[in-house]
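Student: Pasting the sequence and the predicted coordinates here, then a few questions.
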Amino acid sequence: MYQEIPLQYFLIISTLMFFIGIYGFLTRRNLITMLMSTELILNSININFVAFNHYLYPDQLQGHFFSIFIIAIAAAEASLAIAIIINIYRRINNINVEEVDEMKY
Amino acid sequence: MIDYTYTILIPLIPLLMFIFLGLTGHKFKAPTQGILGTLGLLVSTLLSYYTAYQYFFNSIKVDGAYQKIIGFHTLWLKFTDTLYIDLGVILDPISVMMLIVITTVSLMVHLYSIGYMKGDKGFSHFFAFLSLFSFSMLGLVIATNIFQMYIFWELVGVSSYLLIGFYYEKQSAVAAAKKAFIVTRFADLGFLIGILILSFNTGTFDFQLLTNPHGAAILKGGSIAFMGLSTMTWAMILIFMGGAGKSAMFPLHIWLPDAMEGPTPVSALIHAATMVVAGVYLVARLFPIFAISAPSGLEVVAWVGGFTSLFAAVIACTQIDIKRVLAFSTMSQIGYMMLALGVSGYGGEHGLGYMASMFHLFTHAFFKALLFLGAGAIIHAVHSNNMTDMGGLRKHLPITHITFLVACLAIAGIPPFSGFFSKDEILVAAFESNKVLFLIEYLVAGLTAFYMFRLYYNIFWGKQTVYHTTPHEAPATMTLPLIFLAIASATTGFIPFSKFVTSDGLPFETITEWGIAIPSVLIALVGITIATILYYKPTGIPSKMTHALGGFYKSAYHKFYFDELYQFVTHKIIFRYISTPIAWFDRHIIDATMNGIANVTNRISYSIKGLQSGQLQKYAYVFVSGVVVLAIIFIYLLKY
C-alpha cells in the first residue's frame, strides 16, 4: 500500500521553480539564460495544471490538455526567441541584455 | 412625349473634357488640346440646338403655354416629401435659351482661344478651365432645384477665379482673382441665407413647386417680419443679393473691372456673356415668387438695375483701358436687364419686361462677346490695353474693324441691329410702369452710344499712331468667331422672342412702339454724333471738357472712389476694430491655452522619460513588483 504524494508537495516544487525562474529572468544578463528562466516559469505552471487536474477532478483531462498546449507554445516561443537572439548577436556581437537598449526614449 | 434624357450630356461632355484635358493635357502638342476642347463643346452646342428645336417646335403645349419639362433627374437628399435636393435637367423657355447662349458663345470663345492663346505655356490647362466653366454654367442654368443652382453657382465662381488669375505670375491678376472671389462669396452668403429663409418658409427647394403661380409654396408670403417687409420679401432680397454679386450690380460691382486682368477670351465668355448674367437668370428663374409674393423685392431689383446702368455708363465714358470700358458697359447693360425684370409684371403681356430682359440678355451675349473678342484681336495686334496707344487701326485690322462697328451699332441700339429691338422692349416695359426709371434709361441709351463710339473712334480712327511693328490681322481661328458673332449680332433682333420666352410660357405678340423707339434712336444718334465730333479726328475738345468738368470727371475716372471706400471700410474699420482684436484673442487666448497644455505635457514627459530606458529587465522588475504589490493589496488589505 503506497501513499499518494500530497498536493502540497507539487505546489511547493512549482512555486520554487516559478520564483527561481523570476529570479533568473531578473538577474541574469545573458539572453539565453533569460530564455531558460522563462521555460522554468512555464514548466512550473504545467506542474500546477497537471497536479490540480489530478487531485481535484481526476475524471477529467482539461488540465493535461492545457499543459500540452503550453508545451507546444513554449517550443514555438523558444524557437522564435532563439531566432531573435541570433539576429541580435549578428548585429552587435553580443547577447548581453543590457546592450540591447535601442528601443528607449 | 419626347425623351429628353440626352440633355444630361450637354453639361457632362465639358466635364469629361475638363477631367481629360486636366489630367492628360500636357501630353499633347500645343493646338491639339484646344481642338479637342472645341470639338467637345461643338457636340454640346449641337445637342443644345437640337434640344431647343425639339422644345420650341415639337413639345406639347398646355393651353398654348410652354411647360417646364424635367429631362433628367436623380434624387440626392430627401428630407420630406417636398423638401429634397435633387440633381437634374429642367427645360423651360429660359433654360433652353440660356443653353443656346452659353454653348454658342463658349464655342466661339474656344475657337478664338486656339489662336489667341497660341504659344502660352498654360495652353492646356486654359482649355481645361474653359471646359470646367462651361460645365458649371450649363449645370447652373439647367438646375431643377435651388440648391443645385447654388452648388453650380459656387463652381462658376471657382472657375471664374481660376481664369481671372490665369496669369498667376502677375501680381495684379492674383489680386483681381482674389477680389472677384471674395466679393462674390460675400454676396453668396446673402444668397445662402435667402435660400434657407425661402425654403424654411415654403418647405421646398424645387423650382417647379416654388414657381408654380397657383401652388401652395408661393402663397406663403409670411407675416410682416422686419422693417415692414414680409419674410418672403426678405428672402427674395437676400437671394437677389447673391445675384447682384455675380452680376456686378451696385454696390457689389467692384470686382468686375478688375476681373479684366484675365485673358481676353475669358472676359468675353465669363465677364460679358454668361456668368455675369447668372444673377439676371436667377431673378428670372424665381420671377413668379418675386412678382406674386414679393413685389417690394422686385422694386429693389428695378432700382438697383436702373442705378447701376447709369452709374456704370458714366464711368465708362472716362476710362482709357478698352477692356475696362467694355466691363463698365457690361455692368450698364446688365443693369438694363435687371431693371426690365424689376418693372415687369407676371403673366401674358404684363410680362413684357421679363421677356424684354431675356431678349436683351440673348442679344447682349452676342454683341458683347463680339466686342470683347474684337478687343482681344486689337490687344493681340497692338500689345496694349490703352486706347491712347491706338488709333487709325482700321487699315491694319479690316475684319476686326467691321465686326467691331457692327457690335457698337448693336449696343447703341441702332436699327436693324439686335440691340435696338431688345432695348426698345425694355424701354416700353419701363415706360408702362415707372417714368423715372424710363427717363434714366433714355439717358443711359445716349451715354452708351457715346462711350461705345468714343471707344470705336479712338481705336480705329483718331490720331495716326506709329507702331513699332505693323499691326496685322489675327489668324482665321480668331476672325471666324468674330464674323459669326457679327452676323448673330446683326440678325438676332429679328427673332420673334415673345413667341418663345415669356414669364408664364404663353406666347404673345409684340410690336415695335415707334413712339418710344424713334426718340431712343435719336438719342443714340446724338451720342454717336458727339463722339464723332470729339474723336473722329484728334481735337483739343476732349481735354478742354475734362478740365471744365474737373472734379466730376476725376471722380468718374476713379470709379467714384468705390474701391477706395471699400478699402477704407475693410482696412481701417473692419480690419482694425474687428479683425485685429479677434486675431489678438486667437493668438493670445486660444492659442496660448493650447500651447500651455502642450507645454505642460511636454515638461512632464521630459522629466519621466528616463523610465523608458530600453532595459528589458528593468521593465520586468517593475512589472513583477507591481504584481507583488497588487497581490499584497488584494490578499491582505481587501481580504478576498
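Tutor: Right, received. Where do you want to start?

Student: from the middle of its chain, how far away would the longest helix seen in chain A be?
Tutor: For chain A, the helix that runs over the most residues, judged by DSSP state H, is helix A:62-92. In terms of C-alpha atoms, centre = their mean, to the nearest Å, the centre of helix A:62-92 is set 10 Å apart from its chain centre.

Student: Remind me what it packs against, helices and strands.
Tutor: Contacts defined by 3 or more C-beta pairs under 8 Å, 6 or more residues apart in numbering or on different chains; DSSP states H and E place helix A:62-92 against helix A:31-56. Quick note: C-beta positions are derived from backbone N, CA and C, even for glycine.

Student: Up against chain B, what does chain A have?
Tutor: A:22, A:25-27, A:34, A:97-98, A:100-105 (C-beta under 8 Å from any C-beta of the partner chain).

Student: Can you turn the buried part of the residues you listed into a PyMOL selection?
Tutor: Selection of buried members from the residues of chain A next to chain B for PyMOL, criterion 16 or more other C-beta atoms under 10 Å in any protein chain shown:
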select buried, chain A and resi 22+25+26+34+97+100
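
Student: In a markdown table: the residues of chain A next to chain B, plus pLDDT and secondary structure.
Tutor: Formatted as a markdown table, the residues of chain A next to chain B follow (pLDDT from 0 to 100; DSSP: H, G, I helix; E, B strand; the rest coil):
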| residue | pLDDT | secondary structure |
| --- | --- | --- |
| A:Ile22 | 93 | helix |
| A:Phe25 | 92 | helix |
| A:Leu26 | 92 | helix |
| A:Thr27 | 91 | helix |
| A:Met34 | 92 | helix |
| A:Val97 | 87 | coil |
| A:Glu98 | 85 | coil |
| A:Val100 | 84 | coil |
| A:Asp101 | 81 | coil |
| A:Glu102 | 79 | coil |
| A:Met103 | 76 | coil |
| A:Lys104 | 77 | coil |
| A:Tyr105 | 69 | coil |
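
Student: now A:Thr33: how far from A:Ile85?
Tutor: 11 Å (C-beta to C-beta, to the nearest Å).

Student: I'd like to know how many residues surround the residue nearest to B:Val276 when sequence neighbours are not counted.
Tutor: In this structure, B:Val276 finds its nearest non-sequential neighbour in B:Ser247, 5.3 Å apart by C-beta to C-beta, 6 or more residues apart in numbering or on different chains. Neighbour count for B:Ser247, taken as other C-beta atoms under 10 Å in any protein chain shown: 31.

Student: can you pull the pLDDT of B:Ser247?
Tutor: Looking at B:Ser247, its pLDDT is 86.

Student: So it sits against B:Ala278, correct?
Tutor: Yes. At 6.8 Å, B:Ser247 counts as touching B:Ala278 under the criterion of C-beta atoms under 8 Å.

Student: Mind checking the pLDDT average for the longest helix of chain A?
Tutor: Mean predicted confidence for helix A:62-92 is 93.

Student: what angle separates that helix from helix A:31-56?
Tutor: Computed by axes from the mean of the first three to the mean of the last three C-alpha atoms, to 10 degrees, the angle separating helix A:62-92 from helix A:31-56 equals 180 degrees.

Student: For helix A:62-92, which residues meet the burial criterion?
Tutor: So, applying 16+ other C-beta under 10 Å, buried residues of helix A:62-92: A:Gly63, A:Phe66, A:Ser67, A:Ile70, A:Ala74, A:Ala81, A:Ile85, A:Ile88.

Student: Could you do stretch B:276-295 as well?
Tutor: B:276-294.

Student: Just the ones of those residues in helices?
Tutor: Using DSSP H, these in helices are B:278-285, B:287-293.

Student: what does stretch B:503-510 rub up against?
Tutor: Outside stretch B:503-510, the residues that touch it by C-beta atoms under 8 Å, 6 or more residues apart in numbering or on different chains are B:61, B:63-67, B:92-93, B:213, B:287-288, B:291, B:344, B:346-352, B:354-355, B:425, B:496-500, B:502.

Student: How about stretch B:469-488?
Tutor: So stretch B:469-488 is contacted by B:104, B:108-109, B:111-112, B:114-116, B:118, B:366-367, B:369-370, B:373-374, B:376-377, B:380-382, B:393, B:396-400, B:402-403, B:406-407, B:418 (C-beta under 8 Å, 6+ apart).

Student: looking at this, B:Leu405 is in a strand?
Tutor: No. Assigned with DSSP: H, G, I helix; E, B strand; the rest coil, B:Leu405 falls outside any strand and is helix.

Student: Quick one: residues contacting the nearest residue to it once chain neighbours are set aside.
Tutor: Spatially, and ignoring its direct neighbours in sequence, B:Leu405 is nearest to B:Tyr456 (6.6 Å; C-beta to C-beta, 6+ apart). Residues counted as contacts of B:Tyr456 (C-beta under 8 Å, 6+ apart) are B:Phe404, B:Leu405, B:Cys408, B:Ala531.

Student: Residue 40: how many residues sit nearby?
Tutor: Just so you know, I chose chain A. Quick note: A:Leu40 (other C-beta under 10 Å) scores 19 neighbours.

Student: should've been chain B
Tutor: Neighbour tally, B:Gly40, other C-beta under 10 Å: 23.

Student: which bits of chain B sit near chain A?
Tutor: Within chain B, the positions near chain A by C-beta under 8 Å from any C-beta are B:Lys609, B:Gly610, B:Gln612, B:Ser613, B:Gly614, B:Gln615, B:Leu616, B:Gln617, B:Ala620, B:Tyr621, B:Val624.

Student: How many neighbouring residues does the second one have?
Tutor: Neighbourhood size, B:Gly610 [other C-beta under 10 Å]: 9.

Student: where do the strands sit along chain B?
Tutor: Taking DSSP state E as the test, the strands found in chain B are B:69-78, B:84-91, B:224-226, B:229-230.

Student: Go through those strands and pick out the most buried.
Tutor: strand B:84-91 (a mean of 21; mean count of other C-beta atoms under 10 Å in any protein chain shown).

Student: Strand partners (parallel or antiparallel) of it?
Tutor: Here strand B:84-91 is paired, per DSSP bridges, with strand B:69-78 (antiparallel).

Student: now the strand it pairs with: mean pLDDT?
Tutor: Averaging pLDDT residue by residue across strand B:69-78 gives 82.

Student: and the closest residue to chain A within chain B, how many residues sit next to it?
Tutor: Nearest to chain A, among the residues of chain B, is B:Gly614, at 3.1 Å (C-beta to the nearest C-beta). A count of nearby residues for B:Gly614, using other C-beta under 10 Å, gives 14.

Student: Would you mind confirming that it is in contact with A:Glu102?
Tutor: Yes. Using C-beta under 8 Å, B:Gly614 makes contact with A:Glu102 at a distance of 6.4 Å.

Student: shared neighbours, the two?
Tutor: Residues touching both B:Gly614 and A:Glu102 by C-beta under 8 Å, 6+ apart: none at all.

Student: Give me the residues contacting stretch B:235-244.
Tutor: Against stretch B:235-244 from outside (C-beta under 8 Å, 6+ apart): B:153, B:187-188, B:190-195, B:197-198, B:201, B:222, B:229, B:249-250, B:252, B:278-280, B:282-283, B:286, B:289-290, B:294, B:297, B:300-301, B:304.

Student: Run the chain-centre distance for stretch B:182-199.
Tutor: Remark: stretch B:182-199 is offset 15 Å from the chain centroid, using C-alpha atoms, centre = their mean.

Student: list the buried ones in it?
Tutor: Under the neighbour-count criterion of 16+ other C-beta under 10 Å, stretch B:182-199 has B:183-184, B:187-188, B:190-195, B:197-199 buried.

Student: Show only the entries of these found in helices.
Tutor: B:183-184, B:187-188, B:190-195, B:197-199.

Student: which one among the residues you listed gets closest to B:Ser44?
Tutor: Among those, B:Thr184 lies closest to B:Ser44 (C-beta to C-beta), at 25.0 Å.

Student: Please report the distance of the closest one from B:Met249.
Tutor: Using C-beta to C-beta, B:Thr184 is found at 12 Å from B:Met249.

Student: Likewise for A:Leu61?
Tutor: Distance, A:Leu61 to B:Met249, by C-beta to C-beta: 91 Å.
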